[in-house]
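**Q** got a predicted structure plus its sequence, pasted below:
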Amino acid sequence: MGDLTSLSRALLFPDDPWHEGFGVTSVLRELPEADRLALAQSFVEYIATAQTGTEVPERGLVLLAAVSCGFADDYWCMAWEALLVDRARRFWSSGIQDELWTCSQALLNAGKLLPGEVVALLRRSALENTWPQECVVPVLGLLRGPVLNPGEPWADNVLTELPALGESWHGLVAHALSAPVGRPTGSWDRRALALADPLGTEPVRRTVTSWLELAAEGGGRDDGAYDLHNLPALAGLTWLLSLLPPQPASIRILGALVERPPLRTPLTGTAVRALARIPHQLGHLYANLIALGTVEAF
């Protein structure tokens, strides 16, 4: 126990104020349960004595998360969730905060669901930054939704509408998320149509058009860029719209995805190619104008 007491003090009161990183976290997770229980008790005592008002000492929480597998209690989980929600509300993504992964894994190991905004932060952080696979994979592999990251007006609208639309629509959006941004395969197209057909092509067209109308205003980043997790779903919905019977409203919204967003992204080129494959004179005309430079394209 003496060694564990020394280890606890060294972890709680380090010379370097930064978190130790995933190497130390991995070692702590591999300790025997009895040792982890003893360390957890010392971390809990530290939190109780160092806490001021509603301010919970973050270092103790993160270390507690690292040793907690198999015996986390609800109070700890509430504290970890509060820490993660605070980060999600302050940051779009992170390349330096290892506490995101440590506390998220502790919550998931305890059988808890992560709030959607936290899931979005984790996904974006994994896509936009370089994190060790040993910390990212165990967390992302345990996530169970939402299908899209909240935080963009169009995605928030989709997530709000999906429960009422039903499971078949959820499957269609999930299939859209699997779309290549560059160009879909024939098998992807066939599956998209098979999922859309029972829902009715006209209801699908109207609903997808309303979602893309919001998406044309840009994404959730400060510069208007789209969330990298959500971008394939936007591409998929764009490809899907080009597969449905052509309507002037469909052509207009695909054109809006080219012209309206505040920042050029790969979705711009997707919308151009979607216009080109619509069997309608207006779609080809729009695509040709873009090719000639009359309408700016990506």
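**A** Ah, there it is.
**Q** list the contacts of the residue nearest to L165 when sequence neighbours are not counted.
**A** Counting by Cβ to Cβ, 6 or more residues apart in numbering, L165 lies nearest to T207, which is 7.4 Å off, once chain neighbours are set aside. The C-beta positions use only the backbone N, C-alpha and C, and glycine is treated the same way. Contacts for T207 were tallied using Cβ atoms under 8 Å, 6 or more residues apart in numbering; they are 161, 165, 169.
**Q** for whichever strand or helix holds T207, give the mean pLDDT please.
**A** Here T207 sits within helix 201-215, counting by DSSP states H and E. Average pLDDT, helix 201-215: 97.
**Q** flag every buried residue along that helix.
**A** Residues 204-205, 207-213, 215 are the ones in helix 201-215 that count as buried (16 or more other Cβ atoms under 10 Å).
**Q** which residues does P138 contact?
**A** Q105.
**Q** what strand or helix carries it?
**A** Here P138 is assigned to helix 133-140, by DSSP H and E.
**Q** what's the following helix or strand past that helix packed up against?
**A** Proceeding N to C from helix 133-140, the next assigned helix or strand is helix 153-165, under DSSP H and E. Judged by 3 or more Cβ pairs under 8 Å, 6 or more residues apart in numbering; DSSP states H and E, helix 153-165 is in contact with helix 167-177, helix 201-215.
**Q** and the angle for the last one with helix 153-165?
**A** Right, the one you point to is helix 201-215. 150 degrees (axes from the mean of the first three to the mean of the last three Cα atoms, to 10 degrees).
**Q** start the count at 21 instead of 1 going forward.
**A** OK, 21 is where the count begins now, so the last one is helix 221-235.
**Q** distance from the chain centre to helix 221-235, please.
**A** Distance, stretch centre to chain centre, for helix 221-235: 22 Å (Cα atoms, centre = their mean, to the nearest Å).
**Q** pull the CA atoms of the following helix or strand past that helix into PDB?
**A** Counting by DSSP H and E, the next helix or strand C-terminal to helix 221-235 is helix 251-263. Coordinates of each C-alpha in helix 251-263 appear next as PDB, following Å, rounded to 0.1, in the frame of the first residue of the first chain:
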ATOM      1  CA  LEU A 251     -19.900  15.500 -45.000                       C
ATOM      2  CA  PRO A 252     -20.400  12.000 -46.500                       C
ATOM      3  CA  ALA A 253     -24.000  12.000 -45.500                       C
ATOM      4  CA  LEU A 254     -24.500  15.300 -47.300                       C
ATOM      5  CA  ALA A 255     -22.800  13.800 -50.300                       C
ATOM      6  CA  GLY A 256     -25.100  10.800 -50.100                       C
ATOM      7  CA  LEU A 257     -28.300  12.900 -49.900                       C
ATOM      8  CA  THR A 258     -27.000  14.800 -52.900                       C
ATOM      9  CA  TRP A 259     -26.500  11.700 -54.900                       C
ATOM     10  CA  LEU A 260     -29.800  10.300 -53.800                       C
ATOM     11  CA  LEU A 261     -31.600  13.500 -55.000                       C
ATOM     12  CA  SER A 262     -30.000  13.000 -58.400                       C
ATOM     13  CA  LEU A 263     -31.400   9.500 -58.600                       C
END
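**Q** for helix 251-263, what is the average pLDDT?
**A** 96.
**Q** low-confidence regions, the stretch 121-270 of the chain specifically.
**A** Residue ranges of the stretch 121-270 of the chain with pLDDT under 70: none are present.
**Q** can you rerun that using 80?
**A** 201 (pLDDT under 80).
**Q** returning to that earlier point: of the helices and strands packed on helix 173-185, which approaches L283 most closely?
**A** helix 221-235 (12.5 Å; Cβ to Cβ).
**Q** compute the inter-axis angle for that closest one and helix 187-197.
**A** 50 degrees.
**Q** ok so, going back, buried residues, the helix holding P158. List them.
**A** 155-156, 159-160.
**Q** the helix holding T227 to helix 251-263, inter-axis angle?
**A** 140 degrees.
**Q** can I get helix 221-235 in CSV? Just the C-alpha atoms.
**A** Only the C-alpha atoms of helix 221-235 are listed here, as CSV (Å, rounded to 0.1, in the frame of the first residue of the first chain):
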residue,chain,number,x,y,z
THR,A,221,-40.0,8.9,-54.1
GLU,A,222,-41.9,12.2,-53.7
PRO,A,223,-41.9,12.3,-49.9
VAL,A,224,-38.2,11.4,-50.0
ARG,A,225,-37.5,14.2,-52.5
ARG,A,226,-39.4,16.8,-50.5
THR,A,227,-37.7,15.8,-47.2
VAL,A,228,-34.2,15.5,-48.6
THR,A,229,-34.6,18.9,-50.5
SER,A,230,-35.6,20.6,-47.2
TRP,A,231,-32.5,19.2,-45.5
LEU,A,232,-30.2,20.2,-48.3
GLU,A,233,-31.8,23.7,-48.3
LEU,A,234,-30.4,24.2,-44.8
ALA,A,235,-27.1,22.6,-45.7
